[in-house]
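Visitor: Predicted structure and sequence below. I'll ask about it afterward.
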Amino acid sequence: MSYRNLSLSLLGGALLALVSNGAIAATENLAVDNGSVATAQNVDPFGDQNVINVFGFRGSVLGGLVVDNSDADFYSFTVAGNTRITLAVNTPEGPLFNDDPVVALYDLGGAQLAVDDDGGPGFDSFLSYDALVAGTYVAAVSGFADFDFTGGGNTDFSYQLQITAAPVPLPAPVVLLGSVVALFAVRRRHG
Ligand SMILES: [Ca+2]
Ligand SMILES: [Ca+2]
Ligand SMILES: [Ca+2]
């Protein structure tokens with residue numbers, strides 16, 4: 001793993017930054033330990049598309065000068081209340097190269113709110129979580145089978161973590177109630 005993976009990751013980052021105008025692109029800071037909720041790398045703010053693309057990796061590069069093997073990577077970001085957060089981890093090389101990420105969402109107190117292994121294409125990860133309370137949340141990326149995100153797992157890879165924030169859709173009964181109220185208002189105006 002290494003030179004090739006890192007350059008793939010950086011190239012991917014550059015390409016994505018070009019095509020997704022308005023989305024924020026961030027890169028894992030490998031000089032700082034981001035291995036826990038408390039030491040998460042902050043990647044705020046969201047761009048005008050409410051998307052943050054983070055490029056990171058697990059592995060060794062530059063002859064072992066940079067080592068982030070079997071480590072969990074934590075990234076913090078802030079959302080408004082009633083926000084649907086999605087976390088997607090994409091690996092450029094995929095299952096053929098044993099790229100098998102896992103992803104989780106934590107609150108600042110360290111509680112795991114959601115976790116996923118293979119919800120995306122191949123062995124890639126995807127999860128969705130409705131954050132009712134405004135505040136700072138933390139996304140974590142690790143390798144299968146590090147489901148408590150303390151490090152370990154048997155797979156290293158470069159990855160793109162895409163964090164999105166969108167309003168939680170209204171449940172059907174509320175939408176229906178809204179239509180009834182609107183209809184009533186129209187009828188009153190005409191009556
Ligand atoms: Ca890392
Ligand atoms: Ca790390
Ligand atoms: Ca997986």
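Guide: Nice, thanks for sending it over. Ligands and ions are numbered 1, 2, ... in the order given.

Visitor: what helix or strand is the residue of the chain found nearest ligand 2 on?
Guide: Closest residue of the chain to ligand 2, CB to the ion: Asp71 (3.8 Å). In short, each C-beta sits where N, CA and C put it, glycine included. Secondary structure here is read from DSSP states H and E; on that basis Asp71 sits in neither a helix nor a strand.

Visitor: Ala104 - nearest residue in space that isn't next to it in sequence?
Guide: If the residues on either side of it in the chain are set aside, Ala104 comes closest to Val115, at 4.2 Å by CB to CB, 6 or more residues apart in numbering.

Visitor: Tell me which helix or strand the one you found sits in.
Guide: The secondary structure element spanning Val115 is strand 112-116 (assigned by DSSP H and E).

Visitor: what does the protein have sitting close to ligand 1?
Guide: If contact is defined as CB under 5 Å from the ion, the residues of the chain in contact with ligand 1 are 56, 68, 73.

Visitor: show me the contacts for Ile52.
Guide: With contacts taken as CB atoms under 8 Å, 6 or more residues apart in numbering, Ile52 has the following neighbours: 23-26, 43, 46, 77, 162-164.

Visitor: How about the contacts made by Phe149?
Guide: Phe149 sits next to 72, 74, 102, 104, 112, 140, 142 when contact means CB under 8 Å, 6+ apart.

Visitor: measure it to Phe126 for me?
Guide: Between Phe149 and Phe126 the distance, using CB to CB, to the nearest Å, works out to 17 Å.

Visitor: what's around the residue lying closest to Asp146 once chain neighbours are set aside, how many residues?
Guide: Leaving out its chain neighbours, the residue that sits closest to Asp146 by CB to CB, 6+ apart is Gly153, at 3.8 Å. Burial measure for Gly153: 21 neighbouring residues, criterion other CB atoms under 10 Å.

Visitor: for the one 3 residues further on, same thing?
Guide: Residue crowding around Asp156 was assessed by other CB under 10 Å; the count is 21.

Visitor: What are the boundaries of the helices in this structure?
Guide: With DSSP state H as the definition, the chain shows helices at residue ranges 3-19, 172-190.

Visitor: Out of these, name the one with the poorest average pLDDT.
Guide: If the helices of the chain are sorted by mean pLDDT, helix 3-19 sits at the bottom with a mean of 47.

Visitor: Quick check: the gap between Gly22 and Phe46.
Guide: Separation of Gly22 from Phe46 (CB to CB): 10 Å.

Visitor: Pick out whichever of the two has more residues nearby.
Guide: Taking neighbours as other CB under 10 Å, Gly22 and Phe46 compare with Phe46 leading, 20 against 10.
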